[in-house]
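Visitor: could you work out the structure for the sequence below:
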Amino acid sequence: MSVSPKKGVADSAQPIDAVTKTCPLLSEPLGRALIEWHTTKHSFTGDNLPLIKTSQQALEKLLYTILIPVQRVIGQPKITYGFTTFELKKYIQKNAPKGTAPELDQHSAFEVNSKNNQICSRGGAACDFYVDEIPSSKIVCFIAQTLEYDRIYFYGDDKPIHVSIHLTDSLRHLQIMKMSQTNRRYPGAKAYGDKAIQLAETL
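Guide: This is a model prediction of the structure:
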């Protein structure tokens with residue numbers, strides 16, 4: 001069940017039934033996958049459409065600057081973690097919080113919580129995805145070398161990558177994540193800008 005926008009966000013929010021009309025890319029198969037990714041993983045039955053206009057803009061940018069180029073050059077992205085509304089975020093934090101960081105991960109874009117505070121202070125938009133039979137390192141190299149991105153987290157060739165965009169200030173930050181002997185993730189090497197390209201080429 002969706003929550004009506006709090007006072008103060010009405011000017012920046014739109015009715016759910018208008019979202020795909022104002023953001024045509026979200027009506028396309030990749031856009032729908034970005035929104036509907038949760039239907040095969042969670043029993044959440046509420047709406048998962050962006051209410052804040054800047055969220056819609058960020059999701060469209062994620063599509064046309066990252067996902068569509070990957071689709072055209074490498075193959076079909078399979079989204080394992082996409083956009084999350086406040087209600088879906090609450091559901092995940094209650095039922096399957098392992099490995100999530102909603103205050104940092106950009107999956108909620110510019111959406112706000114029940115106190116009218118932006119869920120993720122970084123803004124932008126993010127998703128996790130893989131391409132069948134393609135090592136994730138190849139996808140990371142392609143993005144780092146040719147596309148405009150904010151952050152990439154690389155977990156291994158057989159794991160989905162996390163990639164985000166920003167509407168104004170793209171960090172071009174590549175973070176390699178490692179796995180400890182106790183199966184806990186921890187940060188490894190990282191780089192920014194052109195050095196991120198060099199790091200990606202070593203994967």
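
Visitor: tell me which element the most far-flung residue of the chain relative to its centre falls in.
Guide: When distances are taken from the C-alpha mean of the chain, Q181 lies farthest, 27.8 Å away, according to Cα atoms, centre = their mean. Assigned by DSSP states H and E, Q181 falls within no helix or strand.

Visitor: could I get the pLDDT score of it?
Guide: pLDDT recorded at Q181 is 87.

Visitor: cool, and S2?
Guide: S2 is given a pLDDT of 35.

Visitor: strands of the chain, residue ranges please.
Guide: Here the chain has its strands, by DSSP state E, at 77-81, 125-131, 151-154, 161-165, 173-179, 185-192.

Visitor: mean neighbour count for those strands - can I get that in JSON lines?
Guide: C-beta here means a position set from N, CA and C on the backbone, and glycine is covered the same way. Formatted as JSON lines, the strands of the chain follow (neighbours: other Cβ atoms under 10 Å):
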{"stretch": "strand 77-81", "mean neighbour count": "19"}
{"stretch": "strand 125-131", "mean neighbour count": "25"}
{"stretch": "strand 151-154", "mean neighbour count": "24"}
{"stretch": "strand 161-165", "mean neighbour count": "25"}
{"stretch": "strand 173-179", "mean neighbour count": "17"}
{"stretch": "strand 185-192", "mean neighbour count": "13"}
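
Visitor: need the ones you listed in JSON lines (columns: distance to Q71).
Guide: As requested, these are exported to JSON lines (distance: least, Cβ to Cβ, whole Å):
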{"stretch": "strand 77-81", "distance to Q71": "6"}
{"stretch": "strand 125-131", "distance to Q71": "9"}
{"stretch": "strand 151-154", "distance to Q71": "17"}
{"stretch": "strand 161-165", "distance to Q71": "13"}
{"stretch": "strand 173-179", "distance to Q71": "21"}
{"stretch": "strand 185-192", "distance to Q71": "26"}
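
Visitor: bridging residues for the residue sitting nearest the centre point of the chain?
Guide: Centroid-nearest residue in the chain, with Cα atoms, centre = their mean: A126, separated by 1.7 Å. Counting by DSSP bridges, A126 is bridged to S164.

Visitor: got it, and the one 5 residues further on?
Guide: Residues in a beta bridge with V131, per DSSP bridges, are P77.

Visitor: you'd agree it is up against I139?
Guide: Yes: counting by Cβ atoms under 8 Å, V131 touches I139, with 6.2 Å between them.
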